[in-house]
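J.: model this:
(one chain, ligands or ions: 1)
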Amino acid sequence: MIKTTAISKYFRTDEIETIALNGVNLDIAPGEFIAIMGPSGCGKSTLLNIIGLLDSPTSGSYKLNGREVSALKEKERGQIRKGHIGFVFQSFNLIDEIDVAHNVELPLTYLGLSRSERRKRVGEMLEKVNMSHRASHLPQQLSGGQQQRVAIARALVTHPRLILADEPTGNLDSKNGREIMELLSGLNREGTTIVMVTHSDRDAAYASRVIHLFDGTIVGEIQKKQ
Ligand SMILES: Nc1ncnc2c1ncn2[C@@H]1O[C@H](COP(=O)(O)OP(=O)(O)OP(=O)(O)O)[C@@H](O)[C@H]1O
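T.: Residues are numbered from 1 along each chain as shown. As a prediction, the model looks like this:
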């Protein structure tokens with residue numbers, strides 16, 4: 001599903017050049033649950049952003065479902081993202097001014113679905129994350145764990161085959177964090193591929209494979225026995 005070959009990413013600001021990724025080779029099959037770990041600044045978010053087509057590599061090849069996507073223009077990258085990739089962030093990134101149902105509906109407005117189809121999907125997703133009873137609340141009226149469940153519903157509403165999560169439990173207490181991990185784990189069992197950046201060994205324990213990054217390079221990998 002995901003194949004990167006010798007991916008590198010340099011950031012240039014004035015005179016300083018930062019090498020965020022340095023020759024990353026990664027092969028992820030459909031249905032895997034990957035955790036990416038490593039110290040602060042080692043390139044985890046950069047790698048996730050490239051996998052999610054939010055950014056392009058400076059060099060190297062990235063094939064998503066067999067298609068070379070490393071050098072696509074932002075417009076094309078956006079089109080692939082819209083229907084195929086769901087994002088979950090540490091800070092939830094919900095829109096404060098609109099209620100839960102409208103937040104979850106947002107990604108569907110770009111897909112040209114009818115209003116009734118959109119409503120149906122939003123209802124299904126809120127049920128899945130156990131948030132139907134809060135559909136007309138504003139995000140700020142919810143706990144952190146509830147906001148993250150809404151964010152996951154929003155990531156799922158387009159039925160993506162790939163979910164990318166950047167420290168999804170980073171702002172949650174351990175009980176809410178565990179609930180979010182159980183939710184992601186259940187989605188993975190249903191067939192969704194998940195790539196997650198995490199600092200937490202407890203969260204990484206849910207993954208089928210853990211990849212360790214250091215200074216922009218993969219330095220180790222642990223495959224769990226099934
Ligand atoms: N837009 C940018 N411009 C310049 N440098 C950047 C940019 N984004 C990231 N970097 C640099 O690239 C390196 C990798 O950053 P990245 O955010 O991928 O690390 P990370 O492993 O996710 O860190 P953390 O665990 O602290 O979130 C860092 O040295 C960072 O300062």
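J.: alpha carbons only for contacts and neighbour counts from here, please
T.: Will do.
J.: touching, Val100 and Leu138? I think so.
T.: Yes - taking C-alpha atoms under 8 Å as the definition, Val100 is a contact partner of Leu138 at 5.9 Å.
J.: higher neighbour count, those two?
T.: Val100 (29 against 19; other C-alpha atoms under 10 Å).
J.: burial of the nearest residue to that one once chain neighbours are set aside, as a residue count?
T.: Taking C-alpha to C-alpha, 6 or more residues apart in numbering, and ignoring the residues beside it in sequence, Val100 has Ala135 as its nearest neighbour in space, at 5.0 Å. Around Ala135 sit 19 other residues, with neighbours defined as other C-alpha under 10 Å.
J.: give me the pLDDT value at the most centrally placed residue in the chain.
T.: In the chain, the C-alpha nearest the mean C-alpha coordinate belongs to Leu164, at 1.6 Å (C-alpha atoms, centre = their mean). Note for Leu164: predicted pLDDT of 97.
J.: how far out from the middle of the chain is the helix or strand where it lies?
T.: Element membership for Leu164 (DSSP states H and E) is strand 162-166. Taking C-alpha atoms, centre = their mean, to the nearest Å, one finds the center of strand 162-166 at 2 Å from the center of the full chain.
J.: so what are the sheet partners of that strand and their directions?
T.: strand 85-89 (parallel), strand 193-197 (parallel) (DSSP bridges).
J.: hey, what's the residue nearest to the centre of the chain bridged with?
T.: Under the criterion used (DSSP bridges), Leu164 bridges to Phe87, Val195.
J.: so what's it up against?
T.: Leu48, Gly52, Ile85, Gly86, Phe87, Val88, Ile194, Val195, Met196 (C-alpha atoms under 8 Å, 6 or more residues apart in numbering).
J.: give me the pLDDT value at the nearest residue to Ala204 once chain neighbours are set aside.
T.: Of all residues not flanking Ala204 in the chain, Ala35 sits nearest, at 5.6 Å (C-alpha to C-alpha, 6+ apart). Per-residue pLDDT puts Ala35 at 98.
J.: pairing partners for Ala35 in the sheet, please.
T.: Taking DSSP bridges, one obtains Met196, Val210 as the residues bridged to Ala35.
J.: surely it touches Thr193?
T.: No - contact criterion C-alpha under 8 Å: Ala35 and Thr193 do not qualify, at 11.4 Å.
J.: of those two, who's got more company?
T.: Between Ala35 and Thr193, counted using other C-alpha under 10 Å, the more crowded position is Ala35 (28 against 23).
J.: tell me how far the residue nearest to Ala204 lies from Ile85.
T.: Relative to Ile85, Ala35 is positioned 17 Å away (C-alpha to C-alpha, to the nearest Å).
J.: elements contacting the lengthiest helix in the chain?
T.: In the chain, taking DSSP state H as the definition, the longest helix is helix 174-189. Secondary-structure packing of helix 174-189 (3 or more C-alpha pairs under 8 Å, 6 or more residues apart in numbering; DSSP states H and E): helix 144-156.
J.: what's the helix it packs on in contact with?
T.: 85-88, 92-94, 100, 103-107, 122, 125-126, 128-131, 139, 163, 168, 171-172, 176-177, 179-180.
J.: how about stretch 74-90?
T.: By C-alpha under 8 Å, 6+ apart, the residues outside stretch 74-90 that reach it are 52-54, 69, 107, 110-111, 148, 151-152, 154-156, 158-171.
J.: which residue is the nearest non-sequential neighbour of Leu48?
T.: Leu164 (7.1 Å).
J.: er, Pro139 I mean
T.: Pro139 sits nearest to Asp96 (C-alpha to C-alpha, 6+ apart), 5.7 Å away.
J.: appreciated, that's everything.
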